[in-house]
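Peer 1: Task: produce atomic coordinates for the following.
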Amino acid sequence: MEYTTAFTAGPLMPKRSARIVEEINRGTSPNEIDPSIVDINSWPGQRRKVAEIKRRLENADASVWKDLPERPTPERALVLYYCCLKTYPLLFDFHMEAVLPTWRSADRSFETHDANRFLERQAETHPEIDDWRESTWTKVRQVMLQMLREAGFLHQDTLRRVSRPPSFWDRFVKVGDLWYLEAAFLNKSQRRDTVQSLR
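Peer 2: Numbers count the residues shown, from 1 in each chain. Here you go, the predicted structure:
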């Protein structure tokens with residue numbers, strides 16, 4: 001599948017996403033949401049960001065994100081990062097093939113050159129990457145790393161586990177996406193406990 005850079009419309013955008021979820025929960029059809037509800041000055045910017053937020057939500061089961069407005073920002077970010085992994089193959093491959101292996105290694109430092117090395121490696125099977133301008137490469141790297149930071153997985157160029165109540169992770173197991181618990185750096189025991197708590 002060809003990689004798209006559409007995710008660079010904005011990183012996780014937790015407040016704007018929660019605003020859109022509020023509208024959906026009120027019964028507004030996603031297609032009828034007015035882009036002006038987000039705090040962006042330009043109309044093209046509003047349309048682009050709202051379009052990507054809706055796309056991210058549509059790629060995940062509503063049971064995962066319907067309580068987004070009530071969640072604290074760190075949990076919003078984790079849910080939205082999951083939605084992004086479900087939406088953009090580039091981000092999913094970046095996390096599973098570059099971020100997760102680094103977490104499993106002895107050295108958990110993760111910097112710009114790690115993201116760049118991933119893109120260079122992927123260009124061998126995704127020739128569309130070679131067609132990107134240098135500014136696009138820079139933007140893609142910046143947003144991928146920013147998403148990691150906003151989700152709480154990257155702090156001062158070091159990967160770290162995010163601590164959330166066990167019940168928070170139930171939503172991903174219930175929709176059959178146990179892989180996200182591993183992607184979120186939960187160890188085997190934590191993943192097993194989460195699954196068993198739902199039986």
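
Peer 1: so who does the most centrally placed residue in the chain touch?
Peer 2: Closest residue to the average C-alpha location of the chain: residue 81 at 2.1 Å, with CA atoms, centre = their mean. Contacts for residue 81 (CB atoms under 8 Å, 6 or more residues apart in numbering) come out as 12, 147, 150-151, 153. Using the backbone N, CA and C atoms, a C-beta is placed for each residue, glycine as well.

Peer 1: Check which helix or strand it maps to.
Peer 2: helix 73-87 (DSSP states H and E).

Peer 1: who does the helix or strand following that helix touch, helix- and strand-wise?
Peer 2: Sequence order places helix 89-94 as the next helix or strand after helix 73-87, per DSSP H and E. Applying 3 or more CB pairs under 8 Å, 6 or more residues apart in numbering; DSSP states H and E, we find helix 89-94 packed against helix 73-87, helix 112-122, helix 134-151.

Peer 1: all strands in this structure, in order from the N-terminus.
Peer 2: With DSSP state E as the criterion, the chain has strands at 154-155, 158-159.

Peer 1: same for the first one, what does it pack against?
Peer 2: This means strand 154-155. Against strand 154-155 (3+ CB pairs under 8 Å, 6+ apart) you get helix 134-151.

Peer 1: Can you name the residues in contact with the helix it packs on?
Peer 2: By CB under 8 Å, 6+ apart, the residues outside helix 134-151 that reach it are 5, 7-8, 10-12, 14, 77-78, 80-81, 84, 90-91, 94, 99, 110, 112, 115-116, 119, 132, 154-155, 162.

Peer 1: go with 7 Å
Peer 2: By CB atoms under 7 Å, 6 or more residues apart in numbering, the surrounding residues in contact with helix 134-151 are 5, 7-8, 11-12, 77-78, 81, 84, 91, 94, 99, 112, 115-116, 119, 154.

Peer 1: cool, stretch 97-112 as well?
Peer 2: 114, 118, 141, 145, 148, 154, 157-159, 183, 185.

Peer 1: now stretch 16-25
Peer 2: 30, 33, 37-38, 49-50, 53-54, 65-66, 68-69, 76, 80.

Peer 1: Show me what counts as buried in that stretch.
Peer 2: 16-21, 23-24 (16 or more other CB atoms under 10 Å).

Peer 1: Any idea how far it is from the middle of the chain?
Peer 2: With CA atoms, centre = their mean, to the nearest Å as the basis, stretch 16-25 stands 17 Å off its chain's centre.

Peer 1: Output that stretch as PDB, nothing but the C-alphas.
Peer 2: Extracted as PDB, the C-alpha positions of stretch 16-25 are listed here (Å, rounded to 0.1, in the frame of the first residue of the first chain):
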ATOM      1  CA  ARG A  16      -9.800  19.500  18.300                       C
ATOM      2  CA  SER A  17     -10.600  15.800  18.100                       C
ATOM      3  CA  ALA A  18     -12.600  15.800  21.400                       C
ATOM      4  CA  ARG A  19     -14.600  18.800  20.000                       C
ATOM      5  CA  ILE A  20     -15.500  16.700  16.900                       C
ATOM      6  CA  VAL A  21     -16.400  13.700  19.000                       C
ATOM      7  CA  GLU A  22     -18.700  15.900  21.100                       C
ATOM      8  CA  GLU A  23     -20.500  16.800  17.900                       C
ATOM      9  CA  ILE A  24     -20.800  13.200  16.700                       C
ATOM     10  CA  ASN A  25     -22.000  12.100  20.200                       C
END
